[in-house]
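[1] Need a 3D model of the sequence below.
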Amino acid sequence: MNTEETLPEIRKTVVLNAPIDKVWKAVATSGGLAAWWMDNTFEPVLGQEFILRSGQFGDSPCKVTELEPPHRLGFDWGKDWHLAFELKELENQQTEFTLIHSGWDEAKVTEFGQPHSVIRGIMNGGWEKIVHQSLVRYVEA
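    Here you go, the predicted model:
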């Protein structure tokens, strides 16, 4: 995988009022991911290939590249991107969750021919809402 980035990674961090095991189930199981993000065929197995069903954008091939329960999950997404979820146990049954979306290169375009520089801006706003609203609502329900 080419890890050279000419555009900064997207990072979103939120403190969730839930124990780390509950957050891990939300971000490292197929049902959990589908509940706050998107439908998928994910299985928490290192090297496992799976599909993210991106609605109008179709199915995206992915592959699990990092698996350290309950602290880190990483996977390649599509042809250029890498997504990582980092969890840190805090006091009082809280968990710090960080999403890292990397692989941005202004010289590249997505599978749909859209420049990374444009899509990164859209994704940055999307992740803001997904992490700070959808994930929080699901995990803290």
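[2] partners of the most centrally placed residue in the chain in the sheet?
    With distances taken as CA atoms, centre = their mean, the chain has L83 as the residue nearest its mean C-alpha position (4.7 Å). Going by DSSP bridges, L83 is paired in beta bridges with F75, H101.
[3] Surely it and L99 touch.
    Yes - between L83 and L99 a contact is recorded at 7.2 Å, counting by CB atoms under 8 Å. The way it works is simple: take the backbone N, C-alpha and C, and place the C-beta from them, glycine included.
[4] if I look at the residue nearest to the centre of the chain, how far off is V139?
    Relative to V139, L83 is positioned 18 Å away (CB to CB, to the nearest Å).
[5] what do you get for Q114?
    Distance from Q114 to V139, by CB to CB: 31 Å.
[6] higher neighbour count, those two?
    Comparing Q114 with V139 by other CB atoms under 10 Å, the one with more neighbours is V139, at 22 against 12.
[7] Surely that one is in a strand?
    No - V139: not assigned to a strand; according to DSSP: H, G, I helix; E, B strand; the rest coil it is helix.
[8] Can you give the contact residues for stretch 19-32?
    In this structure, residues lying in contact with stretch 19-32 by CB atoms under 8 Å, 6 or more residues apart in numbering are 16, 33, 35-36, 40-44, 67, 69-71, 73, 85, 87-89, 93, 95, 97, 135, 138-139.
[9] Just the buried positions in that stretch, please.
    Neighbour counts over stretch 19-32 (16 or more other CB atoms under 10 Å) mark 19-20, 22-24, 26-28, 32 as buried.
[10] Over to stretch 57-75?
    In stretch 57-75, residues buried by neighbour count (16+ other CB under 10 Å) are 60, 62, 64-67, 70, 72-75.
[11] would you list the residues you listed in CSV and tack on pLDDT, secondary structure and distance to S54?
    As requested, the buried residues of stretch 57-75 are exported to CSV (pLDDT from 0 to 100; DSSP: H, G, I helix; E, B strand; the rest coil; distance: CB to CB, whole Å):
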residue, pLDDT, secondary structure, distance to S54
S60, 94, strand, 5
C62, 98, strand, 11
V64, 98, strand, 18
T65, 98, strand, 19
E66, 98, strand, 21
L67, 98, strand, 22
P70, 98, coil, 26
R72, 98, strand, 23
L73, 98, strand, 19
G74, 98, strand, 19
F75, 98, strand, 14
